Structures are given as C-alpha cells and as structure tokens.
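Visitor: my questions concern the predicted model and sequence given below.
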Amino acid sequence: QSALTQPASVSGSPGQSITISCAGASSDIGFYNSVSWYQQHPGKAPKLMIYEVTDRPSGVSNRFSGSMSGNTASLTISGLQAEDEADYYCASYTTTRTRVFGTGTKVTV
Amino acid sequence: QVQLQESGPGLVKPSETLSLTCSVSGDSISNSNWGWTRQPPGKGLEWIGIIFDSGKTNYNPSLESRVSISVDTSKNQFALRLTSVTAADTAVYYCARGARWSDYWGQGTLVSVSS
C-alpha cells in the first residue's frame, strides 16, 4: 500500500486559514469515509484531531475541520495560532482493513 | 481515562527479534481494537498492524512476513513481535487504540537496532 500524498509544508500567519490536502486512491480514501487527521508536536505522540472525515473528538478546537472530495481529503485550520505549529498526518482505512498514513505536512505559523 | 504505556528493550541486535508490550488502563483489552505504529527518526508515521476485538489481525503488507500482534487478556496488555530486524527498523514505536482511527496513544518508545 502506498502512503497518501501530502504537501511537505504549509505556512500561514496568525489568524489566517490554511488547508492541507491528502491525496489517496479508490482503495482507501475514495472507498471508505474513514479519513483521520493527527497533530504531532516534536517529541510527542500523535493526537487525533479529526476522524471519519469531518468529526472532531471532544476537546479539539472547532478551528479544525475536515472535508473530502473524491480521492482527496483536506484539513482546514482557521484562525491560525502559534500552538498549531506542528506536523500533521492524514490516515485512511483501506479495503483490506489496514490503515495507511500520509507523508506528513509541517505547518509553520 | 484510557492510558497506554509501551515497554521493552531500547536496543536490539540486527537479525534478532524486537518485542514490545503495551499496557492498557481505563479500557478492557477485549472490548476494543489495538494497534502499533512506528516512526523512524526524522521521518513520518508508518502503520504496523492491528488486532481486532475478535482476535483477528491485519498487518502492513510491507512487514507482514516479520510481524505479529497478540493480546494477553489476563494482564490487559497487547504485544508486538518483529523478527529479523535491521537498522531500518530503528524507530519510535507507538501503541494505540482503534482500527479505523486511533484516539488514544502511548507516549512511544525508541527502539534502536545496532550491534
């Protein structure tokens, strides 16, 4: 299974909105509505930010939102804050009941 | 609150077997799906595999011939075994809950493969 494709880096100023794309295939993103997004600060474990494409776990800011079109998912961070500076990974469930992660995006504020 | 904690050797010799355990509190190991993900230094996340509440397992095709995941319900733990390791298996190994997504993660443990 091939890793999902994300841009290596995205940057924005405080208060702005940014969008991170995650391109997959019909065997993963395009098949299941099961895309998740993770935030990872240096030296820390990943943190679930979005699941099932658009759902937010309790405690995650509503500045984070997810969407999907065809075989591509997206994470939008609105009202960018300094604390949002981190690495972000998408992931998708696949037709073989495995999971594949994206290549990762470094967000700079 | 669900908590996970990885444990195991931090150094493994090439060609030997890497064995890690994940201790779970706040949830029954029998009620959920549990998996492993790793991250080589300076690189991205790589999904290793999952054990479903049914006991069935699925693995990353690139690791399938060398990996196994099992549970110990008496200790509320699950384990990872990776055989015939090489330097390419050096990584931080994370255990986590969930199959379609992972909502709780361990802090991660660095395993280095070196003689």
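Guide: Structure received.
Visitor: only C-alpha atoms from now on, for both contacts and neighbour counts.
Guide: Will do.
Visitor: so what's residue 7 up against?
Guide: I went with chain A, as the question did not name one. Remark: with contacts taken as C-alpha atoms under 8 Å, 6 or more residues apart in numbering or on different chains, residue A:7 is in contact with A:20-22, A:103-105.
Visitor: that's the wrong chain, I meant chain B
Guide: B:20-23, B:109.
Visitor: greatest separation within the residues you listed: which pair is it?
Guide: Across the contacts of residue B:7, no pair lies farther apart than B:23 and B:109, at 12.8 Å, counting by C-alpha to C-alpha.
Visitor: joint contacts of those two?
Guide: Common contact partners of residue B:23 and residue B:109 (C-alpha under 8 Å, 6+ apart): B:6-7.
Visitor: show me where chain B has strands.
Guide: Along chain B, the segments classed as strands by DSSP state E run B:3-7, B:11-12, B:18-25, B:34-39, B:46-51, B:57-59, B:67-72, B:77-82, B:91-97, B:104-105, B:109-113.
Visitor: to residue A:91, which of those strands lies closest?
Guide: Taking C-alpha to C-alpha, strand B:46-51 is the member of the strands of chain B nearest to residue A:91, at 9.3 Å.
Visitor: just to revisit the earlier point, want to try TSV for the contacts of residue A:7, with distance to residue A:46 and secondary structure as columns?
Guide: TSV is the format used below for these (distance: C-alpha to C-alpha, whole Å; DSSP: H, G, I helix; E, B strand; the rest coil):
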residue	distance to residue A:46	secondary structure
A:20	17	strand
A:21	18	strand
A:22	17	strand
A:103	14	coil
A:104	12	coil
A:105	13	strand
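Visitor: any chance of those residues in a markdown table, plus distance to residue B:76 and pLDDT?
Guide: Compiled in a markdown table, those are given as follows (distance: C-alpha to C-alpha, whole Å; pLDDT from 0 to 100):
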| residue | distance to residue B:76 | pLDDT |
| --- | --- | --- |
| A:20 | 37 | 98 |
| A:21 | 38 | 98 |
| A:22 | 35 | 97 |
| A:103 | 32 | 98 |
| A:104 | 32 | 98 |
| A:105 | 35 | 98 |
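Visitor: quick check on those: which are buried?
Guide: Neighbour-count burial (16 or more other C-alpha atoms under 10 Å in any protein chain shown) applied to the contacts of residue A:7 gives A:20-22, A:103-105.
Visitor: what about chain B: which of those residues touch it?
Guide: The subset of the buried ones among the contacts of residue A:7 lying close to chain B, counting by C-alpha under 8 Å from any C-alpha of the partner chain, consists of A:103-104.
Visitor: what is the nearest of the buried ones among the contacts of residue A:7 to residue B:64?
Guide: Nearest to residue B:64 among the buried ones among the contacts of residue A:7 is residue A:103, at 20.7 Å by C-alpha to C-alpha.
Visitor: quick check: the gap between that closest one and residue B:4.
Guide: Distance of residue A:103 to residue B:4, computed by C-alpha to C-alpha, to the nearest Å: 25 Å.
Visitor: what is the strand ranked longest in chain A packed up against?
Guide: Ranked by residue count and defined by DSSP E, the top strand of chain A is strand A:86-93. The helices and strands touching strand A:86-93, judged by 3 or more C-alpha pairs under 8 Å, 6 or more residues apart in numbering or on different chains; DSSP states H and E, are strand A:35-40, strand A:99-101, strand A:105-108.
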